[in-house]
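K.L.:
Task: produce atomic coordinates for the following.
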Amino acid sequence: MLEPLATDTNSIESLMGEIGRNAKVAARPLAIASTEAKNKALEAMAEAIENAESEILDANNVDVEKAKAAGISGSFIDRLILTPDRIRAMADGIRAIADLKDPVGDVIAAWDRPNGLHIERVRTPLGVIGVIYESRPNVTADAGALCLKSGNAVILRGGSDSARSSRAIHACLVKGLESAGLPVHAIQLVPVTDRAAVGFMLTGLEGAVDVIVPRGGKSLVARVQSEARVPVFAHLEGLCHVYVDKSADLDMATKLIVNSKMRRTGICGAAETLLIDKAAASTHLAPMLEALKDAGCEIHASEEVLALSPGHLAATEEDWRTEYLDAIIAVTLVDGISGAIAHIATYSSNHTEAVIADDAAVVERFFNEVDSAILLHNASTQFADGGEFGMGAEIGIATGKMHARGPVGVEQLTSFNYRVHGSGQVRP
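P.N.:
Down below sits the predicted model:
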């Protein structure tokens, strides 16, 4: 059961201040912790999650029932639900992170100067990371494990809808820290669901927090980006496009667009807009729309598409700007690769875009001219995921251009310093 939650602003401020101080203290020994100690903790965390499957599922069932009673949307329910398979996937993800190379201390580059100085650029932890997230209780495990592997302390603030699930998972992470002799405050979960706690985190907790990572709906991310007084790794939304060129293999294109949209509609890498080359409309349009419809997808079509394939809902300007997170897709025709690039430049959130084509020149233009964090060729947009990139897991997808972009894994959770070795040199 959850403990009673403090609601008095002064008590929440005091609580958050203590959490920040504890995190900052824990960050120091964690930054120099051995790879062996971190991996031991991660392995123990994975085992603890597997052993606590029934407790985690029980807690999750309460969260899910409360969310359904509150009328939470289906896409958020899908993100919230845990199953035995998803719990095993959490444990496997933690083990995959343990298997990754430790980024801390990695020499990124090294060079010698004419005066004999030897200079190295070396990866270092960021310090204390604040993660604010909604619905997805698995983020508790992913973020905790990624921050630990990269030598960072982390403050986790999950949403009220996943509070019980997150606390059950967090208890397993603490067991892992204890088993390896690492500071238990290295991974802290904010124990209150009051929104004031988020506000205090965004202030940086008196300098304790070095970066904030929001993972949730548009309103949460917008608030974080607007109010944060510390750097933010975030994406506002995933307006992901798939462009089907006239050179695309029809069977491949049909399979990829159905998977991109329908595998899991509620994730940020789900396709929201389908762009089809006008030169391929007579051969590709009808079969792809039929396949989407058969899969249960609602189609919002442009006038040009409706003229060739009637019976769908008419798309409006708002459709090109909407992240549905549901079994809905907007479809239009474009004038080849130039038209696709122009449409994406106008409407994309710079998250993930895919091109389906066999023409190498088309692919090269797409990769060179589309300005998004993740670009795919002949592959589903659902691969926009740190685990699928071999990162073990991700703490989120960053669409900005400073420091981190795309899946934020262990390397992206580090900074660097310069280490200069001399032999008595003085500057003239």
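
K.L.:
List the contacts of D78.
P.N.:
R264, T265, G266 (CB atoms under 8 Å, 6 or more residues apart in numbering). Yep, even glycine has a C-beta here, placed from its N, CA and C like the rest.

K.L.:
quick one: the second one from D161, how far?
P.N.:
Noted for T265: a distance of 19 Å to D161, by CB to CB, to the nearest Å.

K.L.:
So between the two, which is more surrounded?
P.N.:
For T265 versus D161, the count of surrounding residues by other CB atoms under 10 Å is larger for D161: 23 against 20.

K.L.:
didn't the more buried one look like it was pressed against L80?
P.N.:
Yes - with contact defined as CB atoms under 8 Å, D161 reaches L80; the gap is 6.1 Å.

K.L.:
I'd like to know which elements the longest helix along the chain is packed against.
P.N.:
Identified as the longest helix of the chain according to DSSP state H is helix 9-31. Contact here means 3 or more CB pairs under 8 Å, 6 or more residues apart in numbering; DSSP states H and E; on that basis helix 9-31 packs against strand 118-125, strand 128-133, strand 153-157, strand 187-189, helix 196-202.

K.L.:
Would you mind extracting the C-alpha trace of it into CSV?
P.N.:
Extracted as CSV, the C-alpha positions of helix 9-31 are listed here (Å, rounded to 0.1, in the frame of the first residue of the first chain):
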residue,chain,number,x,y,z
THR,A,9,3.7,22.8,0.0
ASN,A,10,6.2,23.5,2.8
SER,A,11,6.5,19.9,3.7
ILE,A,12,6.9,18.9,0.0
GLU,A,13,9.6,21.6,-0.4
SER,A,14,11.4,20.2,2.6
LEU,A,15,11.1,16.6,1.3
MET,A,16,12.4,17.5,-2.2
GLY,A,17,15.3,19.5,-0.7
GLU,A,18,16.3,16.4,1.3
ILE,A,19,16.0,14.2,-1.8
GLY,A,20,18.2,16.6,-3.7
ARG,A,21,20.9,16.8,-1.0
ASN,A,22,20.9,13.0,-0.7
ALA,A,23,21.3,12.6,-4.4
LYS,A,24,24.2,15.0,-4.6
VAL,A,25,26.0,13.1,-1.8
ALA,A,26,25.3,9.8,-3.5
ALA,A,27,26.6,11.1,-6.8
ARG,A,28,30.1,11.5,-5.6
PRO,A,29,30.9,7.8,-4.7
LEU,A,30,28.8,6.6,-7.6
ALA,A,31,30.9,8.6,-10.1
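
K.L.:
Looking at the helices and strands packed on helix 9-31, which is nearest to E318?
P.N.:
Nearest to E318, of all these, is strand 128-133, at 27.1 Å by CB to CB.

K.L.:
Just after the closest one, pick out the following helix or strand.
P.N.:
Beyond strand 128-133 on the C-terminal side, the first helix or strand identified by DSSP states H and E is helix 138-149.

K.L.:
Compute the first-to-last residue distance for stretch 300-317.
P.N.:
11 Å (CA to CA, to the nearest Å).

K.L.:
which residues touch it?
P.N.:
Residues contacting stretch 300-317 (CB under 8 Å, 6+ apart): 276, 278, 281-282, 285-286, 289, 298-299, 319, 328-333.

K.L.:
And the closest residue to G181 other than its chain neighbours, how close does it get to G159?
P.N.:
Leaving aside its sequence neighbours, G181 sits nearest to A37 (CB to CB, 6 or more residues apart in numbering; 6.8 Å). A37 sits 31 Å away from G159, going by CB to CB.

K.L.:
the more surrounded of these two?
P.N.:
Neighbour totals were compared for A37 and G159, and G159 leads with 24 against 16 (other CB under 10 Å).

K.L.:
and the chain, what are its domains?
P.N.:
Domain segmentation of the chain under automatic domain parsing yields 9-233+408-420, 240-383.

K.L.:
Take these and lay them out in JSON lines including distance to T399 and mean pLDDT.
P.N.:
Shown next, in JSON lines, are the domains of the chain (distance: least, CB to CB, whole Å; pLDDT from 0 to 100):
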{"stretch": "domain 9-233+408-420", "distance to T399": "9", "mean pLDDT": "95"}
{"stretch": "domain 240-383", "distance to T399": "5", "mean pLDDT": "97"}
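
K.L.:
out of those, nearest to A393?
P.N.:
Comparing these by CB to CB, domain 9-233+408-420 comes nearest, at 4.0 Å.

K.L.:
Contact partners for the closest residue to A373 other than its chain neighbours?
P.N.:
Leaving out its chain neighbours, the residue that sits closest to A373 by CB to CB, 6+ apart is G406, at 4.3 Å. By CB under 8 Å, 6+ apart, the contact set of G406 is A373, I374, F389, I397, A398.

K.L.:
Please apply the same query to S160.
P.N.:
Residues in contact with S160 (CB under 8 Å, 6+ apart) are T193.

K.L.:
Could you report the distance from it to I129?
P.N.:
Plainly put, S160 is 21 Å away from I129 if you go by CB to CB.

K.L.:
can you check R86 too?
P.N.:
Look at R86 and I129: by CB to CB, they are 24 Å apart.
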